[in-house]
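Generate coordinates for the sequence data below:
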Amino acid sequence: MRIHFIAIGGSAMHNLALALKDKGYDISGSDDVIFEPSKSRLDAAGLLPSEMGWFPERITEDLDAVIIGMHAKADNPELERAKALNLKTYSYPEFLYEQSRYKTRVVIGGSHGKTTITSMILHVMHYFDREVDFMVGAQLEGFDRMVHLTEENDFIVLEGDEYLSSPIDRRPKFHLYQPNIALISGIAWDHINVFPTFEDYLEQFEIFLKSIINGGSITYNEEDQWVNQLVEACENPIRKFPYRTPEYFVENGTTYLETQEGPMPIEVFGKHNLSNLAGAKWICQQMGVDEADFYEAISTFKGASKRLELLASGSNGLAFKDFAHAPSKVQATTRAVKEQYPNKELLACLELHTYSSLNPTFLKEYKGSLDRADTAAVFYSPEALAIKGMQALSTEDIAKAFGRDNLQVFTNASDFEAFLLGSEVDNGVLLLMSSGNYGGLDLEKIKALYR
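You can find the predicted model right below:
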């Protein structure tokens with residue numbers, strides 16, 4: 001097959017392009033800008049466009065398919081050319097479904113935890129050399145790339161993102177996969193730019209449940225009020241498997257999972273990660289891995305990339321960096337670190353970076369999310385607000401939204417870095433949470449404090 005990618009440099013798109021090339025497909029692509037690591041990986045595979053920009057002449061009648069990424073615009077000239085030639089055009093999730101039409105599709109959904117749960121499942125399968133196809137949003141230890149497609153594998157494991165499919169397909173990605181086996185980890189309002197009310201957001205998960213094929217299954221976190229409510233109301237002829245956080249305890253900075261064979265030390269920590277583990281166990285059992293084997297494999301799981309990543313550890317303390325940015329994730333991550341190190345002073349820092357987090361209407365959702373930290377700081381860039389054309393925020397707005405009088409708020413990257421470098425470390429714990437980079441924070445300087 002000859003396939004052309006419009007916006008080939010995206011994180012998910014370039015991984016799909018590489019996976020299809022491995023299958024023997026003839027791949028081409030365009031983009032207006034490509035960043036690392038996509039650029040180097042495409043170049044190494046001979047797929048890096050020779051020139052940046054959009055070139056309608058690259059869209060020819062002999063193409064079997066065109067795949068369009070979210071980075072492209074609806075009026076993209078290459079897309080217009082594909083329409084004029086009546087070529088088959090797919091969004092990323094549409095094409096993944098076509099590639100997995102005759103496989104058992106395992107789709108992991110939820111506002112939080114889906115990357116970690118998907119990663120746990122793949123870790124277990126990899127541990128036992130069980131070959132499955134997959135698509136996951138984070139880089140995993142032991143995996144070269146995060147999309148793998150074959151003709152022969154029976155299962156495909158898909159991270160089910162609720163964000164939009166493409167600029168011309170406004171359906172959430174996870175609506176398109178039609179799972180045989182599905183999971184919902186939790187529901188907490190996110191993507192306010194697409195789902196302006198919680199009711200709009202909740203409806204997407206209701207549609208996801210209805211998309212599970214007849215006779216399929218839903219594994220769900222019964223500790224989440226909204227998940228429980230939706231699954232109980234679902235009248236689809238599917239099997240329902242509830243899970244909850246297993247028993248565990250923390251001792252001397254190590255988390256132990258209670259199992260039938262006795263306490264088992266694990267590499268990850270935090271109530272949310274133990275809940276994720278319980279969900280992953282149910283899915284793995286449905287894929288043919290028994291409980292004892294699951295525990296053996298999961299004891300070596302160190303976590304998904306960018307999720308509670310240990311930056312530095314030494315006599316001066318510890319420093320972690322986490323991708324958390326939504327309110328529920330910020331609260332869960334902060335609680336997890338404080339629970340793991342209850343006798344250490346916790347400095348938790350959050351960057352407000354996304355459209356949702358900078359929206360005055362949504363900001364109040366962060367109330368109480370940093371309460372478990374001994375010292376808490378928030379950084380945001382007024383320039384980012386201006387670029388996004390959003391309403392200006394004051395430091396008072398931020399402090400009020402978080403409901404914390406002693407919250408330290410920074411709007412200048414240099415001041416924020418100086419604050420971190422001047423903080424009393426004293427065998428404490430630093431937790432940095434962001435989907436951005438704090439305006440260019442020098443992490444090497446920060447790491448040096450905790451060695």
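
Which secondary structure element of the chain has the lowest mean pLDDT?
The weakest-scoring helix or strand in the chain, judged by mean pLDDT, DSSP states H and E, is helix 382-387 (a mean of 79).

Now do the buried residues in whichever helix or strand comes after that helix.
For helix 382-387, the following helix or strand on the C-terminal side (DSSP states H and E) is helix 395-402. Neighbour counts over helix 395-402 (16 or more other CB atoms under 10 Å) mark 398-399, 401-402 as buried. Using the backbone N, CA and C atoms, a C-beta is placed for each residue, glycine as well.

From the residues you listed, pick the one nearest Gly262.
Taking CB to CB as the measure, Gly262 lies nearest Phe402 of the buried residues of helix 395-402, at 41.2 Å.

what sits against that closest one?
By CB atoms under 8 Å, 6 or more residues apart in numbering, the contact list for Phe402 reads 366-370, 376, 378.

rerun at 10 Å
Residues near Phe402 by CB atoms under 10 Å, 6 or more residues apart in numbering: 327, 330, 350, 363-364, 366-371, 376, 378, 409.

Filter those residues down to the buried ones.
Taking 16+ other CB under 10 Å as the criterion, what is buried in the contacts of Phe402 is 327, 330, 350, 363, 366, 369-370, 376, 378, 409.

Filter the residues you listed down to just the ones in helices.
Mapping those onto helices (DSSP state H) picks out 327, 330, 363.

Ignoring the adjacent residues along the chain, who's closest to the second one?
The spatial neighbour of Val330 that comes closest, neighbours along the chain excluded (CB to CB, 6 or more residues apart in numbering), is Ser369 at 4.4 Å.

all strands of the stretch 201-350 of the chain, in order?
Assigned by DSSP state E, counting those that start in this stretch, the stretch 201-350 of the chain shows strands spanning 217-221, 239-243, 248-251, 254-259, 262-266, 309-314, 317-322, 346-352.

per-residue confidence for Leu16?
Here, the pLDDT recorded for Leu16 equals 95.

State the number of residues packed around the closest residue to it other than its chain neighbours.
Using CB to CB, 6+ apart and skipping residues adjacent in sequence, the residue nearest Leu16 is Val147, 4.9 Å away. Close neighbours of Val147, defined as other CB atoms under 10 Å, add up to 23.

got the contact list for the strand or helix carrying Arg81?
Using DSSP H and E, Arg81 sits within helix 77-84. When contacts are defined by CB under 10 Å, 6+ apart, helix 77-84 is touched by residues 4-7, 29-30, 53-60, 63, 65-66, 68, 72-74, 76, 87-89, 166-168.

Return the subset of those lying in strands.
Residues from the contacts of helix 77-84 lying in strands, with DSSP state E as the criterion: 4-6, 29-30, 65-66, 68, 89, 166.

For Arg81, see how far away Phe55 is.
According to CB to CB, to the nearest Å, Phe55 and Arg81 sit 9 Å apart.

just to revisit the earlier point, ok, so of the ones in strands among the contacts of helix 77-84, who is nearest Glu152?
Closest approach between the ones in strands among the contacts of helix 77-84 and Glu152, by CB to CB: Ala65, at 21.5 Å.

how close does that closest one get to Gln178?
Computed as CB to CB, the Ala65 to Gln178 distance reads 19 Å.

thought Leu370 was touching Gln331?
Yes - Leu370 lies in contact with Gln331 (CB atoms under 10 Å); the separation is 7.8 Å.

And for the nearest residue to Tyr380 once chain neighbours are set aside, the neighbour number?
Distances taken as CB to CB, 6+ apart put Leu352 closest to Tyr380, at 4.0 Å, once the chain neighbours are dropped. Residues within reach of Leu352, counting by other CB under 10 Å, total 23.

quick one: contacts for Leu352?
Going by CB under 10 Å, 6+ apart, Leu352 touches 325, 358-359, 363, 366, 378-381, 384-385, 393, 398, 401, 409, 434, 436.

and what of Arg58?
By CB under 10 Å, 6+ apart, the residues touching Arg58 are 4, 6, 28-30, 49, 66, 78, 81.

Equivalent analysis for Gln139, please.
Taking CB under 10 Å, 6+ apart, we find Gln139 in contact with 11, 15, 37, 119, 145-146, 304-306.

domains of the chain?
As given by automatic domain parsing, the domain ranges for the chain are 2-87, 95-298, 309-449.

relative to strand 262-266, how tilted is the lengthiest helix in the chain?
Criterion DSSP H: the longest helix present in the chain is helix 271-286. Angle between the axes of helix 271-286 and strand 262-266 is 110 degrees (criterion: axes from the mean of the first three to the mean of the last three CA atoms, to 10 degrees).

So what pairs up with Glu258 in the strands?
In this entry, Glu258 is beta-bridged to Pro263, by DSSP bridges.

That one: neighbour count?
Glu258: 12 neighbours (other CB under 10 Å).

That one reaches Ile266, doesn't it?
No - Glu258 lies out of contact with Ile266 (CB under 10 Å); the separation is 11.0 Å.

what touches both of those two?
Common neighbours of Glu258 and Ile266 (criterion: CB under 10 Å, 6+ apart): Tyr248.

In contact with Glu36: list those residues for me.
Gly9.
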